[in-house]
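**Student:** My questions are about this predicted structure, shown below with the sequence.
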Amino acid sequence: MSENRFPGFMLALATTLTLGLLGQGETQAQTVEEEKVKFDRLSPLAREGMADAQFGLGVQYQQGIAVKKSSLRATLWLQKAVDQGHAQATNRLAWHYRNGIGVVQSSPQAEELYLKAYDLGVVGASIPLGAIYRSGEPGVKENHAKAVKWARIGAEAKIDTGENLLGELYRDGKGVKQNFATALFWFEKAAAQGLHLAYFNASVILRNGVGVKKDMERGMEYLRTAADLGHAGAMNDLALAYAEGVGVPQSYQEALGWFAKAARRNRNGAIRLAKAYERGVLGETDYARAFMWYHIAAQQGLIEGNVGMASMSPRISEAEKAKALNDGNTWLNASS
């Protein structure tokens with residue numbers, strides 16, 4: 001495998017990142033100024049008790065664009081709006097409780113608030129409710145029947161994430177009889193709205209041909225769309241497809257590019273690329289490159305990265321190891 005291939009890729013990546021930052025500078029400055037004006041307008045109204053302003057101030061503190069980010073202050077202002085029956089504030093505060101943002105994490109409290117938000121007219125609250133009941137969360141029992149009920153509400157309201165969730169329940173046979181054709185129907189509905197996860201889910205069914213007629217051409221089309229939209233799993237699958245020549249002409253260069261994109265998008269992508277080099281998926285084994293990607297994964301907090309480095313270390317020279325560490329740090333700096 002050519003030694004100058006990856007440095008060229010890193011140079012292109014670094015250049016792209018730099019140009020992108022230069023182009024965004026003016027827009028970001030304008031956005032900050034606009035948000036400051038909005039914050040100054042909302043603050044007195046919120047203190048006077050206007051629920052819409054309290055909700056807006058909560059969002060401001062959570063985003064931290066015009067003011068120093070503070071999840072605690074965001075929660076406090078959202079709660080004030082919730083106390084006045086503000087629907088969107090109720091839905092957003094539920095998210096805070098579900099994720100432990102500015103409050104002690106509490107799935108039961110999140111469930112209660114999402115139910116209240118739905119009653120107040122926030123149809124989108126049905127999606128997190130469906131997700132909570134689908135797998136269960138601390139303090140909330142798994143309930144597939146409820147998951148289907150809420151996912152269907154979201155799907156029938158033509159919310160893409162609701163359509164995708166309902167598709168996943170049909171695919172997995174959770175709360176409904178397993179039906180891949182129906183799952184595909186809902187995945188394609190969500191994909192038509194641009195949801196990358198739905199494109200990926202549809203592609204898996206079509207490429208595998210389980211429960212439906214296998215359609216590699218359409219499956220690969222969906223896979224590429226999901227990858228183009230930024231789905232890390234789709235990027236990895238597309239990389240493997242290029243490496244093995246399945247559904248696309250074999251190309252190790254394309255495979256390398258998609259593996260690297262996945263690694264920037266998701267920590268597990270670095271592990272998959274390391275294993276690809278270790279196992280010769282990209283044409284030949286390259287333990288130095290494997291060591292580099294395991295190092296990147298380790299720097300991103302994955303224990304598997306440290307294990308991989310220890311495994312590769314005896315197989316490469318000290319010079320190769322030093323170069324791999326340097327290349328890995330260069331990649332990490334370019335991607336930060």
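**Tutor:** Here it is on my side, so go on.
**Student:** hang on, residue 323 packs against residue 288?
**Tutor:** Yes: at 7.1 Å, residue 323 counts as touching residue 288 under the criterion of C-beta atoms under 8 Å. From N, CA and C alone the C-beta is placed, and that goes for glycine too.
**Student:** What is the burial count for the spatially closest residue to residue 237 that is not a sequence neighbour?
**Tutor:** Distance criterion C-beta to C-beta, 6 or more residues apart in numbering; nearest residue to residue 237, sequence neighbours excluded, is residue 223 at 5.9 Å. For residue 223, the count of nearby residues is 27 (other C-beta atoms under 10 Å).
**Student:** residues touching residue 223, list them.
**Tutor:** Neighbouring residues of residue 223 by C-beta atoms under 8 Å, 6 or more residues apart in numbering: 199, 200, 203, 207, 234, 237, 238, 241, 247.
**Student:** Which one's more surrounded, residue 323 and residue 288?
**Tutor:** The neighbour count for residue 323 versus residue 288, taken as other C-beta under 10 Å, is higher for residue 288 (19 against 16).
**Student:** Quote the end-to-end distance of stretch 205-213.
**Tutor:** 9 Å (C-alpha to C-alpha, to the nearest Å).
**Student:** Please identify the buried residues of that stretch?
**Tutor:** Using 16 or more other C-beta atoms under 10 Å as the test for burial, stretch 205-213 gives 205, 206, 207, 212.
**Student:** Give the rounded mean pLDDT of that stretch.
**Tutor:** The pLDDT scores in stretch 205-213 average 95.
**Student:** go on, stretch 64-74?
**Tutor:** Stretch 64-74 shows a mean pLDDT of 92.
**Student:** for stretch 80-89, same thing?
**Tutor:** So the average pLDDT for stretch 80-89 ends up being 97.
**Student:** Who are the contact partners of the residue nearest to the spatial centre of the chain?
**Tutor:** Nearest to the mean C-alpha position of the chain, by C-alpha atoms, centre = their mean, lies residue 231 at 7.0 Å. Contacts for residue 231 (C-beta under 8 Å, 6+ apart) come out as 196, 197, 199, 200.
**Student:** helix, strand or coil for the last one?
**Tutor:** Classification of residue 200 using DSSP: H, G, I helix; E, B strand; the rest coil returns helix.
**Student:** pLDDT score assigned to it?
**Tutor:** 97.
**Student:** Next up, the contacts around it.
**Tutor:** With C-beta under 8 Å, 6+ apart, residue 200 has these contacts: 222, 223, 226, 231, 233, 234, 237.
**Student:** What is the nearest of those to residue 65?
**Tutor:** Relative to residue 65, the closest of the contacts of residue 200 is residue 231; by C-beta to C-beta it sits at 27.0 Å.
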